[in-house]
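Chemist: My questions are about this predicted structure, shown below with the sequence.
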Amino acid sequence: MVDLIWADSADPADFFWAHRGLSGSYPENTIPSLSAAYESGAKWIETDVDICDDGTLLICHDSTLDRTTNVSGRAVDLVAEDLAHVDAGGWFSPKFVGTPLPSLDEVVALVNETGGNLNLELKPTEAGARAAHSLVSGVLDELEAIEDPSRVLISSFSPLLLATLHQAAPQYPIACLFEQATLGPDWLTVCELVGASAIHPELAGLTREMVQEFKAAGLQVHVWTVNDLATANKLRNWGVDAVFTDFADRFIAAWAN
């Protein structure tokens, strides 16, 4: 057992964000996974949204369906009627066979039902620029059902999507996502251009000095993806504000005990 020595008295339910829900125990980005995350005590869930051919806003991480469903092909080629017939759970465990792909309106309903918070990652859609604008406008339409904008954080690897959304709806907090390979010396310029209040760097290659630079720039720092307590403890003491993890339930419980 790792001794958690927090830099302050922050609530671990705020620190451990449920990456695609409780994706270590449930099929990722499904309603069972997201719902279980809230039930475990996590205050923030992270999930991914893309847009289908007919404008349906689909919760799915990959650009293709092959890894996490029983069908193959591009996610953007689906239409609304397809979602209930795609098995998004059987790949993970036989007990989740028949779990459907969710749409964004279902996730918004869950957020409102639980009173939880939502980090929504906009996927750089493969359907082109017009679809990207439709993605942003569709997301904003759905998010109107959540009364308090501070309960939503919009993130993306695409500065264009973030800038478009921020210009249309500056009330929503913005976070810039970076992989190790794309986190260059222009990170602050990118964050400023899109109006970001947070940065989401990859764990790989991250240093205490980098965290200090992010914090000095006035940014919240949320690191992905952290699946061991020792690393989470180290990051917290570096000043990181939150980590994305597949095991939010276990980590919150371990801290409490």
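Modeler: Looks like it arrived, so ask away.
Chemist: which ones are touching Val49?
Modeler: With contacts taken as C-beta atoms under 8 Å, 6 or more residues apart in numbering, Val49 has the following neighbours: 57-59, 104, 120-123, 135, 139. Quick note: C-beta positions are derived from backbone N, CA and C, even for glycine.
Chemist: make it 6 Å
Modeler: By C-beta atoms under 6 Å, 6 or more residues apart in numbering, the residues touching Val49 are 57, 104, 120.
Chemist: got it, and Leu235?
Modeler: Contacts were defined as C-beta under 6 Å, 6+ apart; by that measure Leu235 touches 223, 243.
Chemist: For whichever strand or helix holds it, the averaged confidence score.
Modeler: Under the criterion DSSP states H and E, the helix or strand holding Leu235 is helix 229-238. The average pLDDT within helix 229-238 is 97.
Chemist: Could you list the buried residues of it?
Modeler: Neighbour counts using 16 or more other C-beta atoms under 10 Å place 229, 231-233, 235-236, 238 of helix 229-238 among the buried residues.
Chemist: Show me the shaky parts of the stretch 51-200 of the chain.
Modeler: Within the stretch 51-200 of the chain, the stretches with pLDDT under 70 are 125-128.
Chemist: Run through the strands of it in chain order.
Modeler: For the stretch 51-200 of the chain, the strands defined by DSSP state E, counting those that start in this stretch cover 57-59, 117-122, 152-156, 174-178, 198-201.
Chemist: Distance to Ile45 for the ones you listed - can I get that in JSON lines?
Modeler: Shown next, in JSON lines, are the strands of the stretch 51-200 of the chain (distance: least, C-beta to C-beta, whole Å):
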{"stretch": "strand 57-59", "distance to Ile45": "11"}
{"stretch": "strand 117-122", "distance to Ile45": "6"}
{"stretch": "strand 152-156", "distance to Ile45": "11"}
{"stretch": "strand 174-178", "distance to Ile45": "14"}
{"stretch": "strand 198-201", "distance to Ile45": "14"}
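Chemist: Adding distance to Lys95 and mean neighbour count as columns, could you present those in a markdown table?
Modeler: Conversion of the strands of the stretch 51-200 of the chain to a markdown table gives the following (distance: least, C-beta to C-beta, whole Å; neighbours: other C-beta atoms under 10 Å):
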| stretch | distance to Lys95 | mean neighbour count |
| --- | --- | --- |
| strand 57-59 | 20 | 24 |
| strand 117-122 | 26 | 22 |
| strand 152-156 | 31 | 24 |
| strand 174-178 | 32 | 22 |
| strand 198-201 | 32 | 24 |
